[in-house]
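what follows is a predicted protein model with its sequence.
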Amino acid sequence: GADIYYWQPSTGLNTSTGDTVVANAVNTITYTVTGIKLGDELVYNGDFSLGDTGFITDYTFSSSKFNGAYYVGPDFFGFTDLGPPDNNPILDHTPTSNNMACGFDGATTVSTLWSQSINNIEPHKNYEFSFWATKQDAVAPIFELHFIGNITGDSILVIDTGKIKPPPFDSFEWDEYAKLVWNSGANTSVTIQIVNLETDGFGNDFMIDDISLKKHSDCSTEAISNVTVINIPPFTTSSPDKICIGNSGTITASVASNYSWSPSTGLNTVTGSTVVATPSVTTTYSVIDVDNCPNTPYEITITVNDL
């Protein structure tokens, strides 16, 4: 299989990437998925398995927390547990692989978290970039990503606010950030910078890990998937929308073959194309096509008038 997948068009999809998507199409539509293999990793020590080496930062290395400090290790500044109520260990994104990540105590000025220059970039090729981050406290980092090419100069590609974690804040949750495609243009080298725009020094604690840049393969595969949207059965009714209390009304649905009606109150049956409704109060009934579109009900309201 491929390493990454792109779906087009994005209309009705829960995501346009990944090997599995959920389609909620309104009309019949054809989707095309392109599978791409990725080349070798171009970021040096992007998983921090080699420790504090291979990158430039505006922060100060320290095993103690203070505004503008960073620490590379298997946990967040030596904290192995933040205590109750979660009692969760603070581990890097891939603890079974390299057991190392880079933790930050947010600075009070806009600062570069991580920067690295990468040579041997092939001109006019697509590259896949991503990194993972997690936050521990109430203040979210604001990541700004710079790609500074040796020919085209600085390009700000994304500003991505750290994921919001509801209270209690004392545990880390990893999320993938800035997963994007960069076209190299005429560049043969690039300097990548991850900048934190958040300057609130209180609670701006987070980690980054698994920074990655890989070239798209020149070969890709495509597949086509057709999603056929089936028309939901329309309603017809043999009685007025209004009935007198104690009387009945017949509701008939057409087109489908397997029906389910709800609520059951006042109905002689909850299956079949035709039901007899004798509600004591004004009631809205729903019917679904069980075989084709069970999550798309159609509704009709019968108003009950007093005698």
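Nice, I can see it.

P123 in helix, strand or coil?
coil (DSSP: H, G, I helix; E, B strand; the rest coil).

was I right about it contacting T188?
Yes - counting by CB atoms under 8 Å, P123 touches T188, with 6.3 Å between them. For every residue, glycine as well, the C-beta is placed using N, CA and C.

list residues touching both of these two?
Listed as contacting both P123 and T188 by CB atoms under 8 Å, 6 or more residues apart in numbering is no residue at all.

low-scoring stretches of the stretch 51-200 of the chain, by residue?
For the stretch 51-200 of the chain, the stretches flagged by pLDDT under 70 are 79-90, 95-98, 136-138, 161-172.

in it, which spans are strands?
Here the stretch 51-200 of the chain has its strands, by DSSP state E, counting those that start in this stretch, at 60-61, 69-73, 101-105, 111-118, 126-135, 142-149, 153-161, 175-183, 190-196.

tell me which strands the first one pairs with, and in which orientation.
Right, the one you point to is strand 60-61. Applying DSSP bridges, strand 60-61 is found paired with strand 69-73 (parallel).

likewise the fifth one?
Each strand that strand 126-135 pairs with, and the sense of that pairing, follows from DSSP bridges: strand 175-183 (antiparallel), strand 205-227 (antiparallel).

which strand residues bridge the residue nearest to I159 when sequence neighbours are not counted?
Distances taken as CB to CB, 6 or more residues apart in numbering put E144 closest to I159, at 5.0 Å, once the chain neighbours are dropped. Here E144 sits in beta bridges with I159, V195, going by DSSP bridges.

surely E144 meets I156?
Yes - taking contacts as CB under 8 Å, E144 lies within contact range of I156: 6.2 Å.

if we can go back for a sec, relative to Y285, which of the strands paired with strand 126-135 is closest?
Comparison of those against Y285 by CB to CB identifies strand 205-227 as nearest, at 28.9 Å.

so what's A133 up against?
P141, F143, G162, W174, D175, Y177, F206, M207, I208, D209.

do that again at 10 Å, thanks
Contacts for A133 were tallied using CB atoms under 10 Å, 6 or more residues apart in numbering; they are 93, 101-102, 104, 113, 140-141, 143, 160, 162-163, 172-178, 194, 206-211.
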